[in-house]
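Trainee: Starting from these lines, generate the structure:
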Amino acid sequence: MSRKVYVEVAAVFSPEGQILPHQIRWEDGTLFAVDRVTDIRRAAATKAGGCGLRYTVRIGGRQTHLFFDEDRWFVEANDAKQPTA
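Mentor: Reported below is the predicted structural model:
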């Protein structure tokens, strides 16, 4: 079963007004650098519920989804201690 994990995200605004995440602080304090943002779209978090802007990102060579919903960031997580797809 997946759960929502609210995370701290360091992000910047592009000159076009897009919010681009650069770093995620996991619930245990571990920092993960976002290597690349490959897609941004409105979508539902089908595993944990909720919706918002879904960022498809690469972290450490792995693809995962990061959601921005009502001024909060979250990821869908199993019982792992790191972001997973």
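Trainee: Quick check: phi and psi at the most centrally placed residue in the chain.
Mentor: The C-alpha lying nearest the average C-alpha coordinate of the chain belongs to Leu66 (CA atoms, centre = their mean; 1.8 Å). In terms of degrees, to the nearest 10, the main-chain angles of Leu66 are phi -120, psi 130.
Trainee: Tell me how far it lies from Cys51.
Mentor: 13 Å (CB to CB, to the nearest Å). From N, CA and C alone the C-beta is placed, and that goes for glycine too.
Trainee: ditto for Pro15
Mentor: Distance from Pro15 to Cys51, by CB to CB: 27 Å.
Trainee: Compare neighbour counts for these two and give me the winner.
Mentor: Each of Pro15 and Cys51 has its neighbours counted (other CB atoms under 10 Å); Cys51 has more, 13 against 5.
Trainee: Is that one in contact with Phe68, as I believe?
Mentor: No: using CB atoms under 8 Å, Cys51 makes no contact with Phe68, being 10.4 Å away.
Trainee: so for stretch 44-58, what's the average pLDDT?
Mentor: For stretch 44-58, mean pLDDT rounds to 85.
Trainee: ok, which stretches of this structure are helices?
Mentor: Applying DSSP state H to the chain gives no helices.
Trainee: So for the residue of it most remote from its centre, what's the pLDDT?
Mentor: Of all residues in the chain, Pro15 sits farthest from the chain's C-alpha centroid, using CA atoms, centre = their mean; the distance is 21.2 Å. Pro15 is assigned 94 on the pLDDT scale.
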